[in-house]
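Asks: here are the coordinates; sequence isn't available:
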């Protein structure tokens, strides 16, 4: 066997021996790829690569799980917010209905007192003017309640239908008939409108439209 002149026997573990022994010495030489050290390095590198791949896969799975969890939490928060809004709106509507019921009863009591109690006691022209002052003050309040959305338009429409009927019937209260009483109060409203930013004049125009059949109910203001 011809030996590489640049390779010494010492580099392969000593001189001599059979070709098989020489191959064994070459295979176990520290510089050979298949030495135990290099095998361990290869195994370690492979295991590290596999571990890195598994870590990356775990990270991806964890990220996806976190993203899914975050999306679920956002969805739950949105659903909870919508429920809270619905509950708030429902509570507001209940409160509005209760307030409307109270106002309707309050206005009805005042109207009944005026129309059936106070009206029956009116005798003089001065009493008649006092009566119409209280009566139309009540109507003006109810008009404002309707504009504010505190009284349903369909309820207010029935009240205005009664006002139109009263105007057409033009009955006498004390010394003043209904139409005369309205003329007195519409003039009073107009004269005292300087401190009400046009509210009195608006109400006078509204009632005149009701009497002429041009209006049936109020127009709620946008809040």
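Replies: Nice, thanks for sending it over. All figures in this text were calculated on a predicted structure; none of them were measured in a lab.

Asks: ok, how many other residues are close to residue 53?
Replies: If you count neighbours by other CB atoms under 10 Å, residue 53 ends up with 10. All C-beta spots, glycine's among them, are computed from the backbone N, C-alpha and C.

Asks: what distance do you get for it to residue 66?
Replies: Computed as CB to CB, to the nearest Å, the residue 53 to residue 66 distance reads 20 Å.

Asks: ditto for residue 99
Replies: Distance, residue 99 to residue 66, by CB to CB: 48 Å.

Asks: go on, residue 176?
Replies: Counting by CB to CB, the gap from residue 176 to residue 66 is 81 Å.

Asks: these two: who's more crowded?
Replies: Legend: neighbour count by other CB under 10 Å for residue 176 and residue 66, higher for residue 176 (20 against 10).

Asks: give me phi/psi at that one?
Replies: Dihedral pair for residue 176: phi -130, psi 130, per degrees, to the nearest 10.

Asks: now it. Nearest residue, chain neighbours left out?
Replies: Nearest residue to residue 176, sequence neighbours excluded (CB to CB, 6 or more residues apart in numbering): residue 128, at 4.0 Å.

Asks: next helix or strand past the lowest-mean-pLDDT helix or strand in the chain?
Replies: Lowest on mean pLDDT, DSSP states H and E among the helices and strands of the chain sits helix 19-27, with a mean of 68. Scanning forward in sequence from helix 19-27 by DSSP states H and E, the next helix or strand is helix 36-112.

Asks: check contacts around the residue positioned nearest the centre of the chain.
Replies: For the chain, the residue nearest the mean C-alpha position is residue 85 (5.1 Å; CA atoms, centre = their mean). Contact partners of residue 85, counting by CB atoms under 8 Å, 6 or more residues apart in numbering, are absent.

Asks: pull the number of nearby residues for residue 179.
Replies: Residue 179 has 15 neighbours, counted by other CB under 10 Å.

Asks: that one is in contact with residue 168, isn't it?
Replies: No - judged on CB atoms under 8 Å, residue 179 makes no contact with residue 168 at a distance of 9.2 Å.

Asks: so which strand or helix has the nearest residue to residue 185 once chain neighbours are set aside?
Replies: Among residues not flanking residue 185 along the chain, residue 136 sits closest, at 4.3 Å (CB to CB, 6+ apart). Using DSSP H and E, the element containing residue 136 is helix 125-147.

Asks: next, the angle from that helix to helix 36-112.
Replies: Per axes from the mean of the first three to the mean of the last three CA atoms, to 10 degrees, the angle that helix 125-147 makes with helix 36-112 is 160 degrees.

Asks: who does the helix or strand following helix 125-147 touch, helix- and strand-wise?
Replies: Under the assignment DSSP H and E, the closest C-terminal helix or strand after helix 125-147 is helix 153-169. Using 3 or more CB pairs under 8 Å, 6 or more residues apart in numbering; DSSP states H and E, the elements in contact with helix 153-169 are helix 125-147, helix 178-191, helix 199-211.

Asks: quick one on the thing from earlier: what about the residue nearest to residue 176, how many neighbours?
Replies: With other CB under 10 Å as criterion, residue 128 counts 21.

Asks: check contacts around it.
Replies: Applying CB under 8 Å, 6+ apart, we find residue 128 in contact with 122, 173-176, 181.

Asks: which one among the residues you listed gets closest to residue 159?
Replies: Set against residue 159, the nearest of these by CB to CB is residue 181 (17.1 Å).
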